[in-house]
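Enquirer: my questions are about this predicted structure, shown below with the sequence.
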Amino acid sequence: MRAAPPTVIILASGRGERFIASGGTTSKLKALLAGKPVLEHTLAAVRASGLPWHLEDAGHAGMGDSIAAAVRATPDSNGWLILPADLPLVQPSTLQAVAAALEGGAVVLPQYRGERGHPVGFPAACRQALVQLSGATGAAQVVRAQAAIKAPVVLELDDAGIVTDIDTLDDLARAERLLALARA
């Protein structure tokens, strides 16, 4: 019998200060990309993946706090894919590939052309370490600790969406161009 799939955790708690500082007039997650809010693009990809998911959008002090809250909110999950909500071009097939790679029981580190991206996959064995996270840093310390136990899986993917985050108006314009190319 196959194990239950991991849960995609969509992190949408950040304040997006760099986006506003770059001239944005709204939250980066509400900014329009091809006529639809950035967050809606990310959610559409997650829904299309068919994986269970949890949107963590309560205000938290930092990314560590957001991850910890989301893992606590999904206690029956068999692992987690940590996906920042500002990655609107991530492909559903990428989420499925990271989930499948998690079946080996190691942390999964996706990358595109050698550049590390998201979602990072964490097996159920990381639960305790993830719920103890706090502060501004994410789960890098969990990745390092887990690597001492079992080498992470580095998963090379042909998906620029895993490294195309929206932090500034320039990033939004770049994502718009990439989206237009993909649709052409």
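Expert: It's in.

Enquirer: which residue is the nearest non-sequential neighbour of Leu179?
Expert: The shortest distance from Leu179 to any non-neighbouring residue, by C-beta to C-beta, 6 or more residues apart in numbering, is to Ala34 (5.4 Å). No exception for glycine: its C-beta is placed from N, CA and C like everyone else's.

Enquirer: what's the burial count for that neighbour?
Expert: 12 (other C-beta atoms under 10 Å).

Enquirer: and the helices in this structure?
Expert: All helices of the chain, identified by DSSP state H, fall at 17-21, 38-49, 63-73, 92-101, 127-131, 140-147, 169-183.

Enquirer: show me the residue at the heart of this protein, geometrically.
Expert: Geometric centre of the chain, nearest residue: Leu83, 1.0 Å, by C-alpha atoms, centre = their mean.

Enquirer: my guess is that residue contacts Leu43. True?
Expert: No. Counting by C-beta atoms under 8 Å, Leu83 sits too far from Leu43 to count as a contact (10.2 Å).

Enquirer: so what sits against both of the two?
Expert: Shared contacts of Leu83 and Leu43, defined by C-beta atoms under 8 Å, 6 or more residues apart in numbering, are found at Ile10.

Enquirer: what score does the closest residue to the residue nearest to the centre of the chain other than its chain neighbours have for pLDDT?
Expert: Spatial nearest neighbour of Leu83, excluding adjacent residues (C-beta to C-beta, 6+ apart): Pro119 at 3.9 Å. In this model, Pro119 is scored at 97, pLDDT.

Enquirer: ok, now Gln141?
Expert: Model confidence at Gln141 (pLDDT) stands at 89.

Enquirer: show me what contacts Leu11?
Expert: Going by C-beta under 8 Å, 6+ apart, Leu11 touches Glu56, Met63, Ser66, Ile67, Ala70, Ile82, Leu83, Pro84, Ala85.

Enquirer: ok, these vs Ala140, which is closest?
Expert: Set against Ala140, the nearest of these by C-beta to C-beta is Met63 (10.0 Å).

Enquirer: just give me the neighbour total for that closest one.
Expert: By the measure other C-beta under 10 Å, the count of residues near Met63 is 20.

Enquirer: again with the one 4 residues further on
Expert: In terms of burial, Ile67 registers 26 neighbours under the definition other C-beta under 10 Å.

Enquirer: got it, and Asp158?
Expert: Using other C-beta under 10 Å, Asp158 has 10 neighbouring residues.
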